[in-house]
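Trainee: following is a predicted model, sequence given first.
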Amino acid sequence: MSTYDEIIVDLADRRYPVYVGEGLLGSIDSMIPDGVSKIAIVTQEDIGILPELRLPSQIFYIGDGEQAKSLSTIGQLCSGFAKMGINRRDLVLAIGGGVVSDTAGFAAASFHRGMRYGIIATTLLAQVDAAIGGKTGVNIPEGKNLVGAFWQPSFVVCELSALSTLPERERKCGFGEMAKYAFLGAEGLDRLPLRSQISACAKIKASFVEEDEREGDKRALLNYGHTLAHAIEAVGFSDPRVNLKHGEAVAIGVIFAALLAQKLGRIDQARVDYHRRVVSSYGLRTELPAGIDLERLIAAMFKDKKSFGTLTFILDGSSGVEVVRDVDASLVRAVLTEFATQA
Ligand code: GLY
């Protein structure tokens, strides 16, 4: 293999490596677990990365965007796997960004009640977040990622050469997820070479997943900025004015979390300014989309998976970020209204 970093996600008998480097595609054969006799490759037409594999394989293309992350795609994949005749010891290989790894991972978790799967992550967002940690799932009309399973891969490859053809907007989405790590123990990332940045994020993610695989309060911290981000995305499903991708929404969510933390007396203005500096340093916008319906945002935040009927946020404070439950809706509305005037 070429030069690479290897990060282990240590989940005892389900431990697996995350490789970060360039030129890893020629080594995929060496990562295939013992006993695999066929490989179902799940990818998208425009990814354009297909490693040469020693074992027989079949390619399954899924559509683009969040619409492709659906139960109907899972049905199509599982029918395809059945026709291909793969068994439980075979491998599903996801090649792409978060849409592909979430969907292929959930198909792998479901078909034959659980197959092995590997991931070649080709977007920055997948490399620093989505591909690591075994969260798989799809969207339903009622919300994003509402149906899924924790199902860990056998290996993750973060192939850096794939990033050279990544559209600028997709790269920025990755930076949106990367920005949150500055508040989870990785300050000054932007001063490091890209490989080191990705590896640092992967290490932090691995440590959170090892401690709390199925998302109690510890892993939930990885969702810093996501309470508002998911709400923005939910509103965006039916409001074309809200044309933001996940990473862009996370960047705005991180700023909102800082403003809310300040309102609650948890952090001071200097710390809010630091949040703005980190997010802006990645060239990401820090304001809400103009005209977004604030009441719809609040309603969507009540439906967040962390919320259990009250408003729950991950907020910065003197002991770092932590889960804060039962945040008063009128206070959230006030901060949101003030934030919207900055758009
Ligand atoms: N994206 C957050 C997590 O994997 O827990």
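Mentor: That came through, no problem. Numbers count the residues shown, from 1 in each chain.

Trainee: which parts of stretch 305-320 are buried?
Mentor: The neighbour-count check on stretch 305-320 (16 or more other C-beta atoms under 10 Å) flags 305-307, 311-316 as buried. C-betas here are computed from N, CA, C, even on glycine.

Trainee: between all of those, which two are at the greatest distance?
Mentor: Farthest pair in those (C-beta to C-beta) is Lys305 and Asp316. Separation: 20.6 Å.

Trainee: thinking again about what came up before, turn the buried residues of stretch 305-320 into a markdown table, including secondary structure.
Mentor: Output for the buried residues of stretch 305-320, formatted as a markdown table (DSSP: H, G, I helix; E, B strand; the rest coil):
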| residue | secondary structure |
| --- | --- |
| Lys305 | coil |
| Lys306 | coil |
| Ser307 | coil |
| Leu311 | coil |
| Thr312 | coil |
| Phe313 | strand |
| Ile314 | strand |
| Leu315 | strand |
| Asp316 | coil |
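
Trainee: Ser207 versus the residue in the stretch 201-343 of the chain that the ligand sits nearest to, what's the distance?
Mentor: Across the stretch 201-343 of the chain, the shortest distance to the ligand (C-beta to the nearest ligand atom) belongs to Leu222, at 3.9 Å. Distance from Leu222 to Ser207, counting by C-beta to C-beta, to the nearest Å: 11 Å.

Trainee: got a list of contacts for stretch 279-296?
Mentor: Residues outside stretch 279-296 that contact it (C-beta atoms under 8 Å, 6 or more residues apart in numbering) are 172, 175-176, 178-179, 190, 231-232, 234-235, 239, 241-244, 247-248, 251-252, 254-256, 276, 333, 336-337, 339-340, 342-343.

Trainee: just the buried residues from those, in ChimeraX please.
Mentor: To isolate the buried ones among these in ChimeraX, judged by 16+ other C-beta under 10 Å, type:
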select :172,175,176,178,179,231,232,234,235,242,244,247,248,251,252,254,255,256,336,339,340
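
Trainee: so of the contacts of stretch 279-296, which ones are in helices?
Mentor: 172, 175-176, 178-179, 231-232, 234-235, 247-248, 251-252, 254-256, 276, 333, 336-337, 339-340 (DSSP state H).

Trainee: and the ligand, which of these contact it?
Mentor: Counting by C-beta under 6 Å from any ligand atom, nothing from the ones in helices among the contacts of stretch 279-296 sits close to the ligand.

Trainee: would you mind listing what in the protein touches the ligand?
Mentor: 129, 133, 135, 219, 222-223.

Trainee: the residue nearest to Glu22 when sequence neighbours are not counted: what's it in contact with?
Mentor: Closest residue in space to Glu22, ignoring its immediate chain neighbours: Leu160 at 4.4 Å, by C-beta to C-beta, 6 or more residues apart in numbering. Residues near Leu160 by C-beta under 8 Å, 6+ apart: 20-22, 194-195, 198.

Trainee: give me the pLDDT for the spatially most central residue of the chain.
Mentor: With distances taken as C-alpha atoms, centre = their mean, the residue of the chain nearest its centroid is Ala130 (3.2 Å). Ala130 is assigned 96 on the pLDDT scale.

Trainee: and if you look at Met1?
Mentor: Met1 is assigned a pLDDT of 55 by the prediction.

Trainee: and Glu177, by the same measure?
Mentor: We have a pLDDT of 95 for Glu177.

Trainee: tell me how many other residues surround it.
Mentor: Glu177: 28 surrounding residues under other C-beta atoms under 10 Å.

Trainee: now it, nearest residue through space, not along the chain?
Mentor: In space, Glu177 is closest to Asp129, 4.5 Å off (C-beta to C-beta, 6+ apart).

Trainee: check contacts around the one you found.
Mentor: Contacts of Asp129 (C-beta under 8 Å, 6+ apart): 98, 177, 201, 205, 222.

Trainee: so how far is Arg214 from it?
Mentor: Asp129 sits 17 Å away from Arg214, going by C-beta to C-beta.

Trainee: then Val18?
Mentor: Using C-beta to C-beta, Val18 is found at 19 Å from Arg214.

Trainee: the more surrounded of these two?
Mentor: Neighbours per residue (other C-beta under 10 Å) separate Val18 from Arg214, with Val18 holding more: 27 against 9.

Trainee: packing partners of the helix or strand containing the more buried one?
Mentor: Using DSSP states H and E, Val18 maps to strand 16-21. Here strand 16-21 touches strand 4-9, strand 155-159, helix 194-211, going by 3 or more C-beta pairs under 8 Å, 6 or more residues apart in numbering; DSSP states H and E.

Trainee: so Asn139 touches Phe106, yeah?
Mentor: No. In terms of C-beta atoms under 8 Å, Asn139 does not count as a neighbour of Phe106; the distance is 10.8 Å.

Trainee: what do those two both touch?
Mentor: With C-beta under 8 Å, 6+ apart, Asn139 and Phe106 have common neighbours Val147.

Trainee: between those two, which one's more packed in?
Mentor: Neighbours per residue (other C-beta under 10 Å) separate Asn139 from Phe106, with Phe106 holding more: 26 against 23.

Trainee: what sits against the nearest residue to Gly176 once chain neighbours are set aside?
Mentor: Closest residue to Gly176 apart from its sequence neighbours, by C-beta to C-beta, 6+ apart: Gly247 at 3.0 Å. Residues near Gly247 by C-beta under 8 Å, 6+ apart: 125, 172-177, 284.
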